[in-house]
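Enquirer: pasting the structure only:
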């Protein structure tokens, strides 16, 4: 609730030891997220924050924090403005290592903003976008990012609407990438032929941990 979030924010404002915080399944909304944002501007210890299923429509919570390493904002609303905010954060934030926005189905085509930002970002190593309505168009954006990104080592885009065309673009991009260690593309939208293409390219490129499951 608003009252509970206010109390938590006040406590975090004076706490100097907490490194992990999870407030899953609490409807804090944008007002609560705004309070968290103000706290994170000053907090110097929090490294992992999970705000999954919190009714958040504004991603600015982590914008001004200098210590946050892991951020999970899955199951929240990610319309255009919210996705744009997150992409802007990724362009300038150099401490965030892991970002999870799983089951945020409203992101869809707006995900291209995230992938564009990752062409510039030099810190993120893990990105999880499971079941976020990504299609072949977004998969092509993923491919372009993979070609130039030098830090991403784990990418999970399973359970999306990526078909054979999108998968081909991604696995071809692997030829230009030596950093990615794990890529999960598993999807019900992928045909047996598409799976074989992935397995063939993965083996040829030495990406033996490329998963289809």
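Expert: Sure thing, it's come through. Everything numeric here is computed off the predicted structure, so don't read it as measured data.
Enquirer: give me the spatial nearest neighbour of residue 13, chain neighbours excluded.
Expert: Of all residues not flanking residue 13 in the chain, residue 39 sits nearest, at 5.6 Å (CB to CB, 6 or more residues apart in numbering). Every C-beta, even on glycine, is put in place using the N, C-alpha and C of the backbone.
Enquirer: does that neighbour sit in a helix, a strand or a coil?
Expert: helix (DSSP: H, G, I helix; E, B strand; the rest coil).
Enquirer: can you offset everything so residue one is 607?
Expert: All set: I'll call the first residue 607, so the last point we hit is now residue 645.
Enquirer: contacts only, for it.
Expert: If you count contacts by CB atoms under 8 Å, 6 or more residues apart in numbering, residue 645 has them with 615, 618-619.
Enquirer: include pLDDT when you put those residues into TSV, please.
Expert: Formatted as TSV, the contacts of residue 645 follow (pLDDT from 0 to 100):
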residue	pLDDT
615	76
618	79
619	76
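Enquirer: now a PyMOL select for only the buried ones of those residues.
Expert: To isolate the buried ones among the contacts of residue 645 in PyMOL, judged by 16 or more other CB atoms under 10 Å, type:
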select buried, resi 615+618
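Enquirer: which parts of this structure are strands?
Expert: 626-628, 654-656, 676-678, 704-706, 732-734, 760-762, 788-790 (DSSP state E).
Enquirer: ok, residue 712 - how many residues close by?
Expert: Residue 712: 15 surrounding residues under other CB atoms under 10 Å.
Enquirer: just give the number of residues close to the residue lying closest to residue 753 once chain neighbours are set aside.
Expert: Leaving out its chain neighbours, the residue that sits closest to residue 753 by CB to CB, 6+ apart is residue 782, at 4.6 Å. Counted with other CB under 10 Å, the neighbours of residue 782 add up to 11.
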